[in-house]
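**Student:** Got a predicted structure here, sequence first:
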Amino acid sequence: MRTHKTTHLTTNIRINLLVLLLLLSSSLAAQTIQNSEQIKEEQKVEQGEQKVEPREQLTEDQNEKKVEQKKARREAVKQHIRTHLRPYGFVRNYFTFDTRESLAGTGDLFSYLPLDNKWNQTETEAQASGIQREDLKAQSSFRFLSLTTRLGLDIVGYQVGSTQFSGKVEADFYTGLSGVTGVALLRLRHAYMTLTWDSLSMGKSGNIARVDLLMGQTWHPMALDLPPTLCLNSGAPFGPFSRTPQVKLDARLAGWFSLTAAAMWQMQYTSAGPEGPSANYIKYSKTPEIFVGLNFNHQDALLVKAGVDILSISPRHIGTLVSPSGTEVQVRVRERLTTFTPFLYFQYKAGDFMLQAKSVFAESGEHVNLNGGYAVSRQNADGSHSYTPTRNSTTLVCLSYGKRIKGVLFAGYVRNFGTKEPIISADDFYFSKNSFSNLNRAYRVAPNIVWTIGRFQLGAEYELTSAQYGDKTQLNLANGLAEADLHWVTNHRVQVMTKFNF
């Protein structure tokens, strides 16, 4: 009962604050208009154009009627907010310790992989110098930040005929940092609208279909159903992670089955290429990324998803030819790399217990934060290049149990199988900005526990991530793998989180 009263009180406070802001804005606007009209009238009087008539005094009945009208408008605004607008958010702080330098983003809170060894000298040089040989990346660090604080607004309850309308806008303070230094600026996470038809007849069968059409930016279909890790990475790069502009159709046709189809673009999470990470490669391909999937959902206890992601990009649109005289001439070229990435997701729920498993066999895959990329396989006579993608297997399993005190155990594994075809040079290898072409495999184990007290949460997590690297100077051009001098490096991360939801 106390939680219900607290929730109701908090909701009323938010509604009253919104109403107050709306009324204050309206009042200021009205006052501005009134003052402007008074100034104009005074100017006209000074110029002898007209006389200002004395204002008519309102009767007592008129005053009461005006007060009632204002009260009715105020109540209408409150009711509209209660019905259609649902603000939410949280204030979140992370306190993070790492035993090793790692590839990470978002103020070094979003961890990917531990960095490869960087020795200050060779063993022979160390013997000659008498100075101890050290790995310069074996450096511990600590930080705490609140830039993942989040604000959002759900818009619900609008309907025209049989079409229901809803939407979401959500932002955090991710941008503006270089490493851990800078100013946290507002960044768009979600911005989309959804049209829903939930009672479509399927003819003589008597079944009812539901169709949802989403337009805007939100989670990539393969990145949905994220494991409840404490770290910001939500399991990446051991699982897809991307929010992207899209048009997505979800159709529940009958029973427990539904179809998902989406056409997507790139913005924050992009493909690699000759220009570095960029959305230009999909821009010049003029072809949206396509996802098609089939879903099975049995009473929210058993959920199975299977699908394939198809991406077609144009790495370059300008090439170079050499004339008989030896002069280099730039020419327009038509290049295209098309990749296919199948994925499978399994989820089982029973009370407070949940089991999640996801597996992806990615061609390239860097646009959804997976380990991968592509390389030049052939130089053509017209100045264009042919490309071959890497192939990477990514699997994660996550167990969670509890509600007020919730325990989670996450495990993930990545294996790099190299390129589909031989490559011509290690210099023309375009790889994920969040991984390395000499990575052969990696694994992660991350248990965490979260204690929830009303709207406050306190969590702690231990994350062990190990990566096997090879000598990047001895890349095997037959398969794009660094297979010489294989060695492992490991980072141990300890993280504490505090969070207040509102």
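**Tutor:** Great, that's in hand.

**Student:** So which residues of the stretch 151-300 of the chain form helices?
**Tutor:** 280-285 (DSSP state H, counting those that start in this stretch).

**Student:** which stretches of it form strands?
**Tutor:** All strands of the stretch 151-300 of the chain, identified by DSSP state E, counting those that start in this stretch, fall at 163-178, 181-201, 208-219, 243-254, 257-264, 289-298.

**Student:** what does the fifth one rub up against?
**Tutor:** Residues outside strand 257-264 that contact it (CB atoms under 8 Å, 6 or more residues apart in numbering): 220-221, 244-253, 288-297, 305, 307. Placement of C-beta: from N, CA and C, glycine included.

**Student:** picking that back up, now the strands of the stretch 151-300 of the chain as JSON lines including distance to Phe97, mean neighbour count and mean pLDDT?
**Tutor:** Shown next, in JSON lines, are the strands of the stretch 151-300 of the chain (distance: least, CB to CB, whole Å; neighbours: other CB atoms under 10 Å; pLDDT from 0 to 100):
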{"stretch": "strand 163-178", "distance to Phe97": "19", "mean neighbour count": "17", "mean pLDDT": "87"}
{"stretch": "strand 181-201", "distance to Phe97": "19", "mean neighbour count": "14", "mean pLDDT": "88"}
{"stretch": "strand 208-219", "distance to Phe97": "29", "mean neighbour count": "17", "mean pLDDT": "94"}
{"stretch": "strand 243-254", "distance to Phe97": "28", "mean neighbour count": "17", "mean pLDDT": "93"}
{"stretch": "strand 257-264", "distance to Phe97": "37", "mean neighbour count": "17", "mean pLDDT": "96"}
{"stretch": "strand 289-298", "distance to Phe97": "38", "mean neighbour count": "17", "mean pLDDT": "96"}
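
**Student:** Need those in TSV (columns: distance to Leu145).
**Tutor:** Listed next are the strands of the stretch 151-300 of the chain as TSV, based on distance: least, CB to CB, whole Å:
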stretch	distance to Leu145
strand 163-178	9
strand 181-201	8
strand 208-219	23
strand 243-254	20
strand 257-264	30
strand 289-298	32
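
**Student:** Those strands: which one's closest to Ala76?
**Tutor:** Closest to Ala76 of the strands of the stretch 151-300 of the chain is strand 163-178 (CB to CB; 19.7 Å).

**Student:** partners of that closest one in the sheet?
**Tutor:** strand 150-160 (antiparallel), strand 181-201 (antiparallel) (DSSP bridges).

**Student:** In the first one, which residues are buried?
**Tutor:** Taking 16 or more other CB atoms under 10 Å as the basis for neighbour counts, the residues of strand 150-160 that come out buried are Arg150, Leu151, Gly152, Asp154.

**Student:** what is Asn491 paired to in the beta sheet?
**Tutor:** With DSSP bridges as the criterion, Asn491 is bridged to Thr465.

**Student:** measure it to Ala236 for me?
**Tutor:** Separation of Asn491 from Ala236 (CB to CB, to the nearest Å): 15 Å.

**Student:** okay, now the nearest residue to Asn297 once chain neighbours are set aside: neighbour count?
**Tutor:** Taking CB to CB, 6 or more residues apart in numbering, and ignoring the residues beside it in sequence, Asn297 has Leu303 as its nearest neighbour in space, at 5.1 Å. For Leu303, the neighbour count with other CB atoms under 10 Å is 18.

**Student:** Lowest average confidence across helices and strands of this protein, where is it?
**Tutor:** Among the helical and strand segments of the chain, the one scoring lowest on mean pLDDT, DSSP states H and E is helix 2-46, with a mean of 46.

**Student:** Tell me who's in contact with Ala467.
**Tutor:** By CB under 8 Å, 6+ apart, Ala467 lies in contact with Leu113, Pro114, Asp116, Leu439, Arg441, Ala442, Trp488, Val489, Thr490.

**Student:** Please, which helix or strand holds it?
**Tutor:** strand 456-469 (DSSP states H and E).

**Student:** and the two most separated of the buried residues of strand 150-160?
**Tutor:** With CB to CB as the measure, no two of the buried residues of strand 150-160 lie farther apart than Arg150 and Asp154, at 12.9 Å.

**Student:** So His367, which state does it fall into?
**Tutor:** Secondary structure, DSSP: H, G, I helix; E, B strand; the rest coil: His367 is helix.

**Student:** I figured it hits Ser271, correct?
**Tutor:** Yes - using CB atoms under 8 Å, His367 makes contact with Ser271 at a distance of 4.8 Å.

**Student:** joint contacts of those two?
**Tutor:** Leu311.

**Student:** Take the contacts of Ala467 and lay them out in TSV including secondary structure, pLDDT and distance to Gln379.
**Tutor:** Below are these laid out as TSV (DSSP: H, G, I helix; E, B strand; the rest coil; pLDDT from 0 to 100; distance: CB to CB, whole Å):
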residue	secondary structure	pLDDT	distance to Gln379
Leu113	strand	95	32
Pro114	strand	96	36
Asp116	coil	95	30
Leu439	strand	95	26
Arg441	strand	96	31
Ala442	strand	97	32
Trp488	strand	97	36
Val489	strand	97	35
Thr490	strand	97	40
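
**Student:** returning to what we had before: buried residues, the strand holding Ala467. List them.
**Tutor:** Across strand 456-469, burial judged by 16+ other CB under 10 Å covers Gln457, Gly459, Glu461, Glu463, Thr465, Ser466, Ala467, Gln468, Tyr469.

**Student:** The residues you listed: which two are farthest apart?
**Tutor:** For the buried residues of strand 456-469, and using CB to CB, no pair is farther apart than Gln457 and Tyr469, which are 36.3 Å apart.

**Student:** what residues are up against the residue nearest in space to the middle of the chain?
**Tutor:** Centroid-nearest residue in the chain: Arg243, 3.7 Å away (criterion: CA atoms, centre = their mean). Applying CB under 8 Å, 6+ apart, we find Arg243 in contact with Arg189, His190, Gln217, Thr218, Trp219, His220, Ala223, Gln268, Tyr269.

**Student:** quick one: contacts for the first one?
**Tutor:** Applying CB under 8 Å, 6+ apart, one finds that Arg189 lies in contact with Arg150, Gly152, Glu170, Ala171, Asp172, Gln217, Arg243.

**Student:** Next, give me the two most distant ones among those residues.
**Tutor:** Spanning the widest gap among the contacts of Arg189 are Arg150 and Gln217, at 15.1 Å by CB to CB.

**Student:** For Val67, what is the enclosing helix or strand?
**Tutor:** Following DSSP H and E, one finds Val67 within helix 60-84.

**Student:** Next, the buried residues of that helix.
**Tutor:** In helix 60-84, counting by 16+ other CB under 10 Å, buried: Val77, Lys78, Ile81.

**Student:** can you check stretch 386-399 too?
**Tutor:** Buried residues in stretch 386-399, counting neighbours by 16+ other CB under 10 Å, are found at 387-399.

**Student:** same check, this time on stretch 298-318
**Tutor:** Within stretch 298-318, the residues that qualify as buried by neighbour count (16+ other CB under 10 Å) are Leu303, Lys305, Gly307, Asp309, Leu311, Ser312, Ile313, Ser314, Pro315, Arg316.

**Student:** tilt between whatever helix or strand Asp309 lives in and strand 289-298?
**Tutor:** Assigned by DSSP H and E, Asp309 falls within strand 302-313. With axes from the mean of the first three to the mean of the last three CA atoms, to 10 degrees defining the directions, strand 302-313 sits at 180 degrees from strand 289-298.

**Student:** Quickly run through the sheet partners of strand 302-313, with directions.
**Tutor:** Assessed with DSSP bridges, strand 302-313 is paired to strand 289-298 (antiparallel), strand 337-350 (antiparallel).

**Student:** can these go into TSV with extra columns for distance to Ser435?
**Tutor:** TSV is the format used below for the strands paired with strand 302-313 (distance: least, CB to CB, whole Å):
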stretch	distance to Ser435
strand 289-298	20
strand 337-350	16
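
**Student:** in which helix or strand would I find Leu321?
**Tutor:** strand 318-322.
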